[in-house]
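**Student:** Give me a model of this one.
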Amino acid sequence: MTDAAHPPSALRMTWARLCFMHWPVRADALQAQLPPGLTLDTFHGQAYLGVVPFLMSDVAPRGLPTVSGLSAFPELNLRTYVIDAEGVAGVWFFSLDAAQPIAVRLARLGFHLPYFDARMWSESRGDITEYASVRTHRGATRGAFAAAYRPVGPAFESQEGSLEAWLTERYFLFSAAGNRIYRGPIWHRRWPLQRAEAEIRVNTLPDLIGMKLEGEPHLLYGENQVVKAGLIGQVRG
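**Tutor:** Prediction:
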């Protein structure tokens, strides 16, 4: 989505060393975890649950400078894909773990997103990213993740209609508060992707929604992406 196609953004950020890890899951089981007003989006009838570790930097409201200690931190998402009552497709987050308590609270308040406090660690060794997270949020279901991942092969842009595009080219996020569904726009250039390989040592994030992941995930790597986010608004219907 180009800058000319959207109003001024509310928030800017950069995502780096990101790994899209997606598992095929039963659509009916995943639909049961969604709030009323959202329908599970599938790729040729197949539903996917994603775990996405990455590093956040340059996080700040539009027009304001970054703040040391607040504008860079690891983040880890558990997500799937949905369509709202107006026919708009986007991302639904079951959880977002972050190692920045102020960012967690601002995102929960301003975007109604299920952010959780976590103790997180990441280290880069050449093209390998080591990543670990343990959720520490008071009252939340425990979740832990540990993996090492790296890109393999040349960079490419996904083709329209491909699974890679369906998983990564998402320009809206959804959240909920009470019985209300909210939607917010996201803008970035098309993802420069690489195939990836990963050693996933621990992953209990799906315990939050009672899901079990089986088999090998579909893996994609994104080195760097500048992102803008807009304010959320309530979805009609």
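
**Student:** which helices and strands sit right next to the helix or strand encompassing Arg105?
**Tutor:** Arg105 belongs to helix 101-111 when elements are defined using DSSP states H and E. Counting contacts by 3 or more Cβ pairs under 8 Å, 6 or more residues apart in numbering; DSSP states H and E, helix 101-111 is packed against strand 89-98, strand 115-125. The way it works is simple: take the backbone N, C-alpha and C, and place the C-beta from them, glycine included.

**Student:** Tell me the buried residues in it?
**Tutor:** By neighbour count, with 16 or more other Cβ atoms under 10 Å as the criterion, the buried positions of helix 101-111 are 103-104, 106-108, 111.

**Student:** And for stretch 228-237?
**Tutor:** Residues of stretch 228-237 classed as buried by neighbour count (16+ other Cβ under 10 Å): 228-230, 232, 235.

**Student:** Just put the buried residues of helix 101-111 in a markdown table and tack on pLDDT.
**Tutor:** Rendered in a markdown table, the data for those read as follows (pLDDT from 0 to 100):
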| residue | pLDDT |
| --- | --- |
| Ala103 | 92 |
| Val104 | 95 |
| Leu106 | 91 |
| Ala107 | 93 |
| Arg108 | 95 |
| Phe111 | 94 |
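
**Student:** What is the nearest of these to His44?
**Tutor:** Set against His44, the nearest of these by Cβ to Cβ is Phe111 (30.8 Å).

**Student:** Nearest to Ala132 among the buried residues of helix 101-111?
**Tutor:** Val104 (17.9 Å).

**Student:** quick one, helices of the chain?
**Tutor:** Assignment of helices within the chain using DSSP state H yields the ranges 27-31, 101-111, 163-168.

**Student:** out of those helices, which comes closest to Thr204?
**Tutor:** Thr204 lies closest to helix 27-31 among the helices of the chain, at 17.3 Å (Cβ to Cβ).

**Student:** Residues touching that closest one, excluding its own?
**Tutor:** Contacts to helix 27-31, defined as Cβ atoms under 8 Å, 6 or more residues apart in numbering, come from residues 39-40, 42, 45-47, 49, 80, 211.

**Student:** quick check, nearest of those to Ala89?
**Tutor:** For those, the residue nearest Ala89 by Cβ to Cβ is Thr39; the value is 9.6 Å.

**Student:** doesn't Val82 make contact with the closest one?
**Tutor:** Yes - here Thr39 reaches Val82: they are 6.4 Å apart, a contact under Cβ atoms under 8 Å.

**Student:** When those two are compared, which one has more neighbours?
**Tutor:** Each of Thr39 and Val82 has its neighbours counted (other Cβ atoms under 10 Å); Val82 has more, 24 against 14.

**Student:** Kindly reformat the helices and strands packed on helix 101-111 as CSV containing mean neighbour count and distance to Gly222.
**Tutor:** Output for these, formatted as CSV (neighbours: other Cβ atoms under 10 Å; distance: least, Cβ to Cβ, whole Å):
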stretch, mean neighbour count, distance to Gly222
strand 89-98, 21, 15
strand 115-125, 17, 14
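
**Student:** how about these, which one is nearest Glu169?
**Tutor:** Ranking the helices and strands packed on helix 101-111 by their distance to Glu169 (criterion: Cβ to Cβ) puts strand 89-98 first, at 10.1 Å.
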